[in-house]
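> Compute the structure for the input listed below.
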Amino acid sequence: MGYGQGMTTSVTITGSGTPIPSPDRAGPGVLVQCGDVNLQFDAGRSTLMRLAAMGVWPGQLDGVFVTHHHSDHLTGLQDLVLSRWVMDRAGGNLPMPVVLPAGPAERFVDKMLDAWEEDVAVRVEHNHRATKPQVNVTAFELPTVLTEVWSIGDLRVSAMQVRHEPVSHAVGYRVDSPDGSIAISGDTLVCGEVAELAAGADVLVYEAMRFEAIQALPEARQFILDYHADTRLIGAQAKEAGVGKLILTHLIPAPLTEEDEQLFVQDVRAGGFEGEIVVAKDLDTLTLG
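Coordinates of the predicted model:
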């Protein structure tokens, strides 16, 4: 791991999808890179494959940051941890650093490798391995104000509680580097907590749902309106927060055409945001500066 002044900071969407599988959209995930520091935020399905497409191997991750314990944000984490170990032929395996809110996500990570004990045992014996897969967890209490949870040099990651009830232990993250700042909402309603998280950010990565489209679906689907972010309200909040660029991800309903993508943009514009908008596809990247 290396870090220093003058490093370029970028943000890449490693997964723009939702619990509903898509051949083109991996599960939720965001990669922030500053120099050769690689920070992964959430790890939905196929995160490992999206990172491989970028030439980032599991052993190059300096931290995985979990927003909450919903399965679509975590099913790729075991894959990252196990692959980090399997690929470590030099025997210098370091535990995967995982940063998360104390509570359900912490308990999940504590148990997630148990099902692989027999696989690990066979590999240890057959390959004469001296190590086993390991996770180094940093758990923090749910922060009601923006709170630093990780740093190296003047690269800092802070966390803030967001509103994703009934998931009570849900957070968003903010990365501050010498190049600027990136806020990542996680799953949430549009709320004052995200406003604090995103204030003045150069880039805001926001989960996005077109409420108008969901309200037209059968009543049995309406529950998802309870805890996701409406595109029109996102536009209003991003304008108020002074955000430079907006990346929409975790897209509901998933756009299938350019016309569908433009509906997301139109909603955000109707809310008042005038800056750059990216309706994310997997591996879309923005560089700060």
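> Quote the end-to-end distance of stretch 183-202.
8 Å (CA to CA, to the nearest Å).
> In that stretch, which residues are buried?
183-191, 193-194, 196-199, 201-202 (16 or more other CB atoms under 10 Å). C-betas here are computed from N, CA, C, even on glycine.
> State the distance from R232 to Y173.
24 Å (CB to CB, to the nearest Å).
> more neighbours, these two?
Y173 (28 against 20; other CB atoms under 10 Å).
> close enough to count as contact, the more buried one and T188?
No: at 11.8 Å, Y173 does not count as touching T188 under the criterion of CB atoms under 8 Å.
> Spell out the residue ranges of the strands in the stretch 1-150 of the chain.
9-15, 29-34, 37-41, 63-65, 96-101, 135-140, 147-152 (DSSP state E, counting those that start in this stretch).
> how about CSV for those, with mean neighbour count and distance to H164 added?
Formatted as CSV, the strands of the stretch 1-150 of the chain follow (neighbours: other CB atoms under 10 Å; distance: least, CB to CB, whole Å):
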stretch, mean neighbour count, distance to H164
strand 9-15, 24, 18
strand 29-34, 25, 16
strand 37-41, 24, 15
strand 63-65, 24, 16
strand 96-101, 23, 11
strand 135-140, 15, 17
strand 147-152, 16, 18
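> Between these, which one is closest to A241.
strand 9-15 (16.7 Å; CB to CB).
> what's the angle between that closest one and strand 29-34?
Put simply, strand 9-15 runs at 160 degrees to strand 29-34, going by axes from the mean of the first three to the mean of the last three CA atoms, to 10 degrees.
> Paired strands for strand 9-15, with orientation please.
strand 29-34 (antiparallel), strand 285-287 (antiparallel) (DSSP bridges).
> before we move on, back to that, restricted to helices, list the buried residues of stretch 183-202.
Of the buried residues of stretch 183-202, the ones assigned to helices by DSSP state H are E193, V194, E196, L197, A198.
> Can you pick out the most distant pair from the residues you listed?
Most distant of those, by CB to CB, are E193 and A198, 9.6 Å apart.
> wait, H250 sits on P19?
No: the criterion here is CB under 8 Å, and H250 misses it with P19 at 9.8 Å.
> When these two are compared, which one has more neighbours?
Neighbours were counted for H250 and for P19 using other CB under 10 Å; H250 has more, 30 against 16.
> looking at this, the more buried one is in a strand?
Yes: assessed with DSSP: H, G, I helix; E, B strand; the rest coil, H250 lies in a strand.
> Tell me the spatial nearest neighbour of it, not counting adjacent residues.
E207 (3.8 Å; CB to CB, 6 or more residues apart in numbering).
> Now do the contacts for the one you found.
P28, S185, G186, D187, T188, H228, A229, L248, T249, H250 (CB atoms under 8 Å, 6 or more residues apart in numbering).
> I'd like those written out as a markdown table, with distance to A139 and pLDDT added.
Formatted as a markdown table, the contacts of E207 follow (distance: CB to CB, whole Å; pLDDT from 0 to 100):
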| residue | distance to A139 | pLDDT |
| --- | --- | --- |
| P28 | 20 | 98 |
| S185 | 21 | 98 |
| G186 | 16 | 97 |
| D187 | 19 | 97 |
| T188 | 20 | 98 |
| H228 | 25 | 94 |
| A229 | 26 | 95 |
| L248 | 30 | 98 |
| T249 | 25 | 98 |
| H250 | 24 | 98 |
